[in-house]
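S.K.: Provided below for reference: sequence and predicted model.
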Amino acid sequence: MDFIPYGTQWIDDDDINEVVTVLKSDWITTGPKIKEFEDALCSYLGCSYCVAVNSGTSALDIAVRSLNLPEGSEVITTPFTFVATSNAILYNGLKPVFADICSDTFNIDPEDIRRKITKNTKAIIYVDYAGQPCDIKAIRDIADEFDLYLIEDACHAIGAEYNGKKVGNFADLTIFSFHPVKNITTGEGGAVTTEEEGLYKRMSLLRSHGIDKDAQDRYGPDSSWAYDMKYLGRNYRITDFQAALGISQLKKLDMFIDKRNELALRYNRLLGDIDAVTLPVTKDNVRHAWHLYTILVDESINRDEFFKYMRSANIGVNLHYIPVYRHSYYVKNFGFDPLVFPVTEDVFKQIITLPLFPKMELEQLEYVVETIKGYING
């Protein structure tokens, strides 16, 4: 069996043709495809405004920055996420405060959010882990009670639904990522959605040096050379050929999610009779996007030895995630006590990510399952 990655993109001839068309056009960056991609995302998600950028990390950064929070303000988030979620708080001179996770979904625990709120708390960033929306109503109730901003890190969850409504419509700002292992890709890329026109306008400037006129505004015989820098922005621009790829990929998103759901269901059926494996839990009121399929292995199994065994069998298992507070930078600068996050610690010691991507063949999935059974049964 050839190496099976934990995730990979699905690019077809339609995607390639759309990219080539843009490459042959006059605009390969800062052109009309960017707005077309943003409009397509708004139409799919059912939201009002979207700003497309060059990565999910950039999207997180401008989302936090757009809120213009006082320096040193506290932002509560989950430690069980990729470091970019928490780093976006640090980029903006704010203080990350971690809340523990739920033992079933591994999403942030609303009750621990409540316990971590102080007079300095200004916002909550919740992450839809693996593609399953959080308990959004509980988090929204807390945000309303304490007058806090909400940012939804839905980098795993484009196309996911909560109570029949797509994510992208619940928080003040919602973040998406289009990295190749995500549910659609633009190579690298990301986006922020919002219902607030003011936040949209600010983020539109922040992605392009904080300048108030883009290249199209300054192009043509009747245009002026003048522009002004309103904010300290950065170059987070996505290209037109990436946007063209995103438009084409978006047309296939529901098919991708359906295939991910079929594969996850197949894993559940084939792994369900193994006592040493705990399967992922899906809540009844969500449509899971299944960016990741993770299992917990029993404490009697050495997870790291199991990882090596699977890799040696050409299976690209992975680990999502090392808790943010365990990374050297956070240990050195903040010294969070892992014992404060008992659920995160328990999950971290037992979790492992199995391969899952829309083009995955059933033969590959069955090979993964049989290899797991071979290890556990000795």
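M.R.: Arrived safely, thanks for sending.
S.K.: Show me which helix runs longest in the protein.
M.R.: Using DSSP state H, we find that the single longest helix of the chain is helix 253-271.
S.K.: so what secondary structure elements neighbour the helix or strand just after it?
M.R.: Where DSSP states H and E defines the elements, the next helix or strand beyond helix 253-271 is strand 277-278. Here strand 277-278 touches strand 293-297, going by 3 or more Cβ pairs under 8 Å, 6 or more residues apart in numbering; DSSP states H and E. Where you see a C-beta, it was placed from the backbone N, CA and C, and this is true even at glycine.
S.K.: what residues does the longest helix of the chain touch?
M.R.: Defining contact as Cβ atoms under 8 Å, 6 or more residues apart in numbering, one finds that helix 253-271 is touched by 10, 44, 131, 158-160, 183-184, 277, 279-280, 287-291, 293, 295, 354, 356-358, 360, 362, 365-366, 369, 372.
S.K.: Tell me where the stretch 51-200 of the chain has strands.
M.R.: For the stretch 51-200 of the chain, the strands defined by DSSP state E, counting those that start in this stretch cover 74-77, 95-98, 121-127, 149-153, 161-162, 165-166, 173-177, 190-194.
S.K.: related to what we said a few turns ago, show me what counts as buried in the longest helix of the chain.
M.R.: Buried residues in helix 253-271, counted by 16 or more other Cβ atoms under 10 Å: 256-257, 259-261, 263-264, 267, 270-271.
S.K.: burial count for Val20?
M.R.: 12 (other Cβ atoms under 10 Å).
S.K.: er, Asp26 I mean
M.R.: 9.
S.K.: any idea of the pLDDT on it?
M.R.: Looking at Asp26, its pLDDT stands at 94.
S.K.: Return the distance of it relative to Leu245.
M.R.: 18 Å (Cβ to Cβ, to the nearest Å).
S.K.: And the helices in the stretch 1-150 of the chain?
M.R.: Taking DSSP state H, counting those that start in this stretch, the helices of the stretch 1-150 of the chain run over residues 13-23, 32-45, 56-66, 83-91, 110-116, 136-146.
S.K.: just checking, what packs against the shortest one?
M.R.: Yep, that's helix 110-116 we're talking about. Against helix 110-116 (3+ Cβ pairs under 8 Å, 6+ apart) you get helix 136-146.
S.K.: Equivalent analysis for the last one, please.
M.R.: Contacts defined by 3+ Cβ pairs under 8 Å, 6+ apart place helix 136-146 against helix 110-116, strand 121-127, strand 149-153.
S.K.: How far away from the center of its chain is that helix?
M.R.: 21 Å (Cα atoms, centre = their mean, to the nearest Å).
S.K.: Pull the number of nearby residues for Pro3.
M.R.: If you look again at residue 3, you'll see it is Phe, not Pro. Counted with other Cβ under 10 Å, residues neighbouring Phe3 total 10.
S.K.: list the contacts for the closest residue to Tyr149 other than its chain neighbours?
M.R.: Once flanking residues are discounted, Tyr149 sits nearest to Ala123: 4.0 Å by Cβ to Cβ, 6 or more residues apart in numbering. By Cβ under 8 Å, 6+ apart, the residues touching Ala123 are 64, 67, 69, 73, 75-76, 148-151.
S.K.: If I look at Ala123, what pLDDT would I see?
M.R.: pLDDT, Ala123: 98.
S.K.: So Ser58 sits against Val192, correct?
M.R.: No - Ser58 lies out of contact with Val192 (Cβ atoms under 8 Å); the separation is 9.1 Å.
S.K.: just to revisit the earlier point, quick one: the buried residues of helix 253-271 as TSV, columns for distance to Thr81 and pLDDT too.
M.R.: Listed next are the buried residues of helix 253-271 as TSV, based on distance: Cβ to Cβ, whole Å; pLDDT from 0 to 100:
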residue	distance to Thr81	pLDDT
Phe256	22	98
Ile257	21	98
Lys259	25	98
Arg260	20	98
Asn261	23	98
Leu263	23	98
Ala264	20	98
Tyr267	23	98
Leu270	28	98
Leu271	25	98
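S.K.: As CSV, those with distance to Val22 would be great.
M.R.: Output for the buried residues of helix 253-271, formatted as CSV (distance: Cβ to Cβ, whole Å):
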residue, distance to Val22
Phe256, 22
Ile257, 26
Lys259, 27
Arg260, 28
Asn261, 32
Leu263, 32
Ala264, 34
Tyr267, 37
Leu270, 42
Leu271, 43
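S.K.: re the thing from before, figure out which of the strands of the stretch 51-200 of the chain is closest to Ile322.
M.R.: strand 95-98 (13.3 Å; Cβ to Cβ).
S.K.: what pairs with the residue nearest to Tyr149 across the strands?
M.R.: Val75, Tyr149 (DSSP bridges).
S.K.: how close does it get to Ala88?
M.R.: With Cβ to Cβ as the criterion, Ala123 and Ala88 are 11 Å apart.
S.K.: Which residues are in contact with the residue most central in space within the chain?
M.R.: Geometric centre of the chain, nearest residue: Cys155, 1.5 Å, by Cα atoms, centre = their mean. By Cβ under 8 Å, 6+ apart, the residues touching Cys155 are 56, 82, 127, 175-177, 182, 190.
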